[in-house]
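1. Based on what follows, work out the 3D shape:
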Amino acid sequence: MKKLLYLAILLSLVSCQEKLELGKKNRIVEIETEYGDIKIKLYDETPLHRDNFVKLAHGDYFDGTLFHRVIDGFMIQGGDPDSKAAKPGVRLGEGGPGYKIDAEFNPKLIHKRGVIAAAREGDDVNPEKKSAGSQFYLAQGVVYTPGGLDTLLIKLNDRVKNRIFEKVQKENAEEMMKYQAEGEMEKVSEIIDQIQLKVDSIFETQKISFAQNQIDAYTTVGGIPHLDGNYTVFGEVIEGIEFIDSIAKRERDEYDRPLEDVSMKVKILQ
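-> Prediction:
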């Protein structure tokens, strides 16, 4: 009897290990919600994020967590362990497993409608753009016209140039103030010209442009183009994409948390 019990336990452990199998390709997971089930294929091109998601799902980490931030026309976000049994009105989004994941950016993996991507802290405290350990979002976005995409590109590049200008100006501020106080306006003018040249030079190396795969996706299925290259995309919905819309339309509070909780359960299908 003891031998049979031991064998049953051993087979159970082997079965669990087979489900985990970190490094295995072609992984498919399913997020179960009250609105319907969302089946997701995880990308093999982002193995760190793929294996991390599988590991957490294997340990039932996501079960009972909420989609704690939803914005119609943008995305739905979940994966915060603090959301389990969280009281109504509590602001969520700070929880995690206690580690980050190195970014895995890939120009082919973009924020088209239906992808899953990793949330993260902002650039000011996370300049390497490392991903949060468990929080993720499913992209909804909008469909752009070609003209609308061009307008967005102009705005994005204006932001890039302004950010560069602020940095370079700050680096030269002390010297400019010194010459200004001394009445050396010609030298101030020279520094301004130098700043402009440097800004233009740096901007040329950081200027954003949309590749054909981005243009094709964002003018047909839609998505969130301004997040490309800033957040790691690591999979896409292959069934149940309509349920993203259902969840995104929920009434929400000032923190974008749904007034009625939307919980999830995640299981590994393959």
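2. Am I right that residue 158 is in a helix?
-> Yes: the assignment for residue 158 is a helix, going by DSSP: H, G, I helix; E, B strand; the rest coil.
3. if I pick it, what's in contact with it?
-> Counting by CB atoms under 8 Å, 6 or more residues apart in numbering, residue 158 touches no other residue. For the C-beta atoms, the positions are set from N, CA and C on the backbone; glycine is no exception.
4. Can you tell me how far it is from residue 151?
-> 11 Å (CB to CB, to the nearest Å).
5. Could you do residue 48 as well?
-> When residue 48 is compared with residue 151 (using CB to CB), they lie 35 Å apart.
6. Please identify which of those two sits among more neighbours.
-> residue 48 (15 against 12; other CB atoms under 10 Å).
7. so residue 92 touches residue 257, yeah?
-> Yes: the criterion here is CB atoms under 8 Å, and residue 92 meets it with residue 257 at 6.3 Å.
8. residues bridging contact with these two, i.e. touching both?
-> Common neighbours of residue 92 and residue 257 (CB under 8 Å, 6+ apart) are 66, 68, 69.
9. Quickly run through the sheet partners of the host helix or strand of the last one, with directions.
-> Following DSSP states H and E, the helix or strand that holds residue 69 is strand 67-71. The partner list of strand 67-71 in its sheet, established with DSSP bridges, is strand 75-78 (antiparallel).
10. From the contact counts, what lies against the next helix or strand after the partner strand?
-> Reading on from strand 75-78 to the C-terminus, the next helix or strand found by DSSP H and E is strand 100-101. Strand 100-101 makes packing contacts with helix 47-58, strand 131-132 when contacts are defined by 3 or more CB pairs under 8 Å, 6 or more residues apart in numbering; DSSP states H and E.
11. so what are the domain limits for the chain?
-> According to automatic domain parsing, the chain comprises the domains 26-143+221-268, 146-206.
12. From the chain's centroid, how far away is the shortest one?
-> The reference is to domain 146-206. On the basis of CA atoms, centre = their mean, to the nearest Å, domain 146-206 sits 29 Å off its chain's mean C-alpha point.
13. Between its first and last residues, how far does that domain reach?
-> 22 Å (CA to CA, to the nearest Å).
14. Mind checking the pLDDT average for that domain?
-> Averaging pLDDT along domain 146-206 gives 94.
15. Repeat that for the longest one.
-> When pLDDT is averaged over domain 26-143+221-268, the result is 97.
16. how far does that domain stretch from start to finish?
-> In domain 26-143+221-268, first residue to last residue: 11 Å (CA to CA).
17. for it, the distance to its chain's centre please.
-> On CA atoms, centre = their mean, the centre of domain 26-143+221-268 falls 7 Å from that of its chain.
18. mind checking which helix or strand residue 183 is in?
-> Residue 183 belongs to no helix or strand, assigned by DSSP H and E.
19. wait, what's in contact with it?
-> Contacts of residue 183 (CB under 8 Å, 6+ apart): none.
20. Likewise for residue 72?
-> 140, 248, 249.
21. Neighbours of the first one, how many?
-> For residue 140, the count of nearby residues is 23 (other CB under 10 Å).
22. Distance-wise, check it relative to residue 73.
-> Counting by CB to CB, the separation of residue 140 from residue 73 is 6 Å.
23. any common contacting residues for the two?
-> Joint contacts of residue 140 and residue 73 (CB under 8 Å, 6+ apart) are residue 248.
24. hang on, residue 226 in a strand?
-> No: counting by three-state DSSP, residue 226 is not part of a strand but helix.
25. Tell me the buried residues in stretch 176-187?
-> Going by neighbour count (16 or more other CB atoms under 10 Å), the buried part of stretch 176-187 is 176, 179.
26. Now do the SS call for residue 73.
-> Classification of residue 73 using three-state DSSP returns coil.
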